[in-house]
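K.L.:
Here is my input; please provide its structure:
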Amino acid sequence: MKGVMRFGRKGKLSPRYIGPYRIDKRISNVAHELELPQELEAVHPIFHISMLKKCIGDPSLILPTENVRIKDSLSYEEIPVQILDRQVHKL
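P.N.:
Prediction:
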């Protein structure tokens with residue numbers, strides 16, 4: 001579509017795609033305005049309540065958006081932090 005800005009394959013604003021954002025003000029019972037960063041200025045900041053989910057999570061697992069580098073093709077490179085498990089097979 002011409003003039004439509006999408007994020008990733010599904011075009012969602014969920015934390016695993018973009019990040020959690022604070023609710024700036026309540027427009028009505030079913031609409032909220034989010035406090036979006038400057039790089040998302042093209043996104044309309046008002047969302048229906050059915051599109052938002054409460055974020056209760058471990059703050060140590062939240063990545064700052066400055067550390068995420070997304071290419072123009074909306075792809076990214078995953079860098080492993082730690083090996084959690086391994087298996088050794090005998091021949």
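K.L.:
can you list contacts of the lowest-mean-pLDDT helix or strand in the chain?
P.N.:
For the chain, using mean pLDDT, DSSP states H and E, the weakest element among its helices and strands is strand 46-48, scoring a mean of 77. The contact list for strand 46-48, computed with Cβ atoms under 8 Å, 6 or more residues apart in numbering, reads 13, 27, 30-34. (C-beta placed from N, C-alpha, C; glycine too.)
K.L.:
could these go into TSV alongside neighbour count, pLDDT and secondary structure?
P.N.:
As requested, these are arranged in TSV below (neighbours: other Cβ atoms under 10 Å; pLDDT from 0 to 100; DSSP: H, G, I helix; E, B strand; the rest coil):
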residue	neighbour count	pLDDT	secondary structure
Leu13	18	55	coil
Ile27	14	85	coil
Val30	10	81	coil
Ala31	14	84	strand
His32	18	81	strand
Glu33	14	84	strand
Leu34	19	80	strand
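K.L.:
Closest to Arg86 out of those residues?
P.N.:
Leu13 (35.9 Å; Cβ to Cβ).
K.L.:
quick one: the helices in this protein?
P.N.:
In the chain, no segments count as helices under DSSP state H.
K.L.:
What ranges in it fall below the confidence cut-off?
P.N.:
1-19, 52-56, 63, 67-68 (pLDDT under 70).
K.L.:
go again using 50 as the cut-off
P.N.:
For the chain, the stretches flagged by pLDDT under 50 are 1, 15.
K.L.:
which residues sit in contact with the residue lying farthest from the centre of it?
P.N.:
In terms of distance from the mean C-alpha position of the chain, Leu91 ranks first, at 43.9 Å (Cα atoms, centre = their mean). Contact criterion Cβ under 8 Å, 6+ apart gives no residues in contact with Leu91.
K.L.:
ok, now Val30?
P.N.:
If a contact means Cβ under 8 Å, 6+ apart, then Val30 has 48-50 as its contacts.
K.L.:
Any chance of the residues you listed in TSV with neighbour count and distance to Gln38 as columns?
P.N.:
Shown next, in TSV, are the contacts of Val30 (neighbours: other Cβ atoms under 10 Å; distance: Cβ to Cβ, whole Å):
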residue	neighbour count	distance to Gln38
His48	11	24
Ile49	14	25
Ser50	7	27
